[in-house]
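Student: Below: sequence and its predicted model.
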Amino acid sequence: MQLDGMHHITMITGDAPRNVAFYADVLGLRLVKKTVNFDAPEAYHLYYGDEQGSPGTILTWFEFAGARPSRPGAGMIHTIELGVPTAASLDFWESRLRDAGVAVERTDAPALRLADPDGLALELVPAVEGNAPLQAAHPDVPAEHAITGVEGARAYVASDVSRDEALLTDTLGFVRTGAGAYRVDGPTRSFRWSYDLHPERGVEGSGTVHHIAWHSADADHVAWRERAAAAGMLVTPVIDRDYFDAIYFRQPQGVLFEVATTSPGFAVDEDPAHLGEELRLPTQHEALRPQLERLLTPLESPRRVREAVR
């Protein structure tokens with residue numbers, strides 16, 4: 001039984017239209033799903049990824065319009081690493097991002113550091129060999145440079161970067177690669193996970209990460225819940241999120257972990273050729289559609305807009 005890397009990472013934005021413009025146009029990802037938060041249906045839940053909405057590529061945002069600026073701190077992810085095909089791709093992205101008015105910094109790693117419009121720290125890094133390129137199509141982003149998926153994430157902890165090592169290695173099957181550094185190697189994808197010390201708790205708001213979800217085969221999902229519970233985690237029951245089943249628990253340093261299934265996937269309620277074009281609501285909130293359509297800021301898929309003007 002192995003986790004297949006990361007499934008998705010979920011953040012908070014204060015401005016959905018700006019978020020769509022950045023991720024689905026500047027970064028060239030596909031807007032995979034336009035739906036709402038299960039627990040707060042007045043808030044958008046936006047999903048971006050590759051052409052199919054594959055686990056390992058998915059970045060999602062809850063929109064809380066006008067949310068206060070945030071400060072990541074202990075118990076929170078502070079940086080997300082996005083893969084690009086080669087080190088040479090960083091030249092393309094440095095030029096494209098600067099042209100879009102985004103400040104970037106080259107490092108010797110090699111990597112390209114930047115922040116999204118809400119202040120979330122991102123790094124573009126050459127993809128790990130063996131991680132298949134899972135890419136979205138964008139007319140201004142050549143395939144030889146398009147983002148290939150999510151390669152890693154780093155979180156802050158107040159102290160003791162090894163406090164959850166038994167959970168990661170013995171329970172979840174990660175491999176320790178250094179002090180506070182780990183890697184999960186799945187059947188199709190690997191993912192880097194590491195900690196940095198930060199003495200203060202963070203302030204949640206726009207630009208902070210809400211949780212990270214690990215990718216489970218459908219048949220193993222209940223077993224992962226049992227293993228996490230046996231390791232002393234307070235685990236939720238299995239929750240149907242329409243596009244996957246999920247369980248949640250906080251690991252010892254306070255980061256919210258989710259384990260999500262592959263199925264049924266993002267095409268369960270939309271034609272795969274038209275993902276993210278229409279507002280999709282959880283069944284429990286469908287009766288609220290008239291109110292929500294009046295309340296939510298209208299959002300158009302950049303892909304749909306581009307195709308309409310051809």
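Tutor: Yep, it's here.

Student: Return the lowest-mean-pLDDT helix or strand in the chain as CSV; C-alpha atoms alone will do.
Tutor: The helix or strand of the chain with the lowest confidence, counting by mean pLDDT, DSSP states H and E, is helix 302-308 at a mean of 80. Extracted C-alpha coordinates of helix 302-308, given in CSV (Å, rounded to 0.1, in the frame of the first residue of the first chain):
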residue,chain,number,x,y,z
PRO,A,302,-9.8,32.1,-19.7
ARG,A,303,-9.7,29.2,-22.0
ARG,A,304,-13.4,29.7,-22.9
VAL,A,305,-12.8,33.4,-23.5
ARG,A,306,-9.8,32.7,-25.7
GLU,A,307,-11.8,30.2,-27.8
ALA,A,308,-14.7,32.6,-28.2
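
Student: Give me the contacts around that helix.
Tutor: With contacts defined as C-beta atoms under 8 Å, 6 or more residues apart in numbering, helix 302-308 is touched by 20-21, 24-25, 30-31, 139, 274, 276-277. To be clear about C-beta, it is placed using only N, CA and C from the backbone, and glycine gets the same treatment.

Student: Go through the residues you listed and say which is closest to residue 152.
Tutor: residue 30 (21.1 Å; C-beta to C-beta).

Student: I figured the closest one was touching residue 50, is that so?
Tutor: Yes - Residue 30 is within contact range of residue 50, at 6.4 Å (criterion: C-beta atoms under 8 Å).

Student: overlap in contacts of those two?
Tutor: With C-beta under 8 Å, 6+ apart as the test, residue 30 and residue 50 both reach residue 136.

Student: Compare those two and say which is more crowded by neighbours.
Tutor: residue 30 (25 against 22; other C-beta atoms under 10 Å).

Student: partner residues bridging the more buried one?
Tutor: Beta-bridge partners recorded for residue 30 (DSSP bridges): residue 49.

Student: Tell me, how many residues neighbour residue 94?
Tutor: Using other C-beta under 10 Å, residue 94 has 17 other residues around it.

Student: Likewise for residue 66?
Tutor: Using other C-beta under 10 Å, residue 66 has 8 neighbouring residues.

Student: got it, and residue 169?
Tutor: Considering only other C-beta under 10 Å, residue 169 is surrounded by 15 other residues.

Student: Kindly indicate whether it is helix, strand or coil.
Tutor: Assigned with DSSP: H, G, I helix; E, B strand; the rest coil, residue 169 falls in the helix class.

Student: Residues touching stretch 205-212, excluding its own?
Tutor: So stretch 205-212 is in contact with 6, 8-15, 62, 64, 67-72, 76-78, 80, 115-116, 118-120, 153, 202, 204, 248, 255-258, going by C-beta under 8 Å, 6+ apart.

Student: before we move on, back to that, now tabulate the contacts of helix 302-308 in CSV and tack on pLDDT, distance to residue 302 and secondary structure.
Tutor: Output for those, formatted as CSV (pLDDT from 0 to 100; distance: C-beta to C-beta, whole Å; DSSP: H, G, I helix; E, B strand; the rest coil):
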residue, pLDDT, distance to residue 302, secondary structure
20, 98, 7, helix
21, 97, 7, helix
24, 97, 5, helix
25, 96, 4, helix
30, 97, 9, strand
31, 98, 7, strand
139, 94, 10, coil
274, 94, 14, helix
276, 96, 10, coil
277, 94, 11, coil
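
Student: Now a PyMOL select for only the buried ones of these.
Tutor: To isolate the buried ones among these in PyMOL, judged by 16 or more other C-beta atoms under 10 Å, type:
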select buried, resi 20+21+24+25+30+31+276+277
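
Student: Closest one of the contacts of helix 302-308 to residue 238?
Tutor: Distances from residue 238 to the contacts of helix 302-308, taken by C-beta to C-beta, are shortest for residue 276, at 26.0 Å.

Student: Give me the nearest residue to the closest one, chain neighbours excluded.
Tutor: Excluding its sequence neighbours, the residue lying closest to residue 276 (C-beta to C-beta, 6 or more residues apart in numbering) is residue 31, at 3.6 Å.
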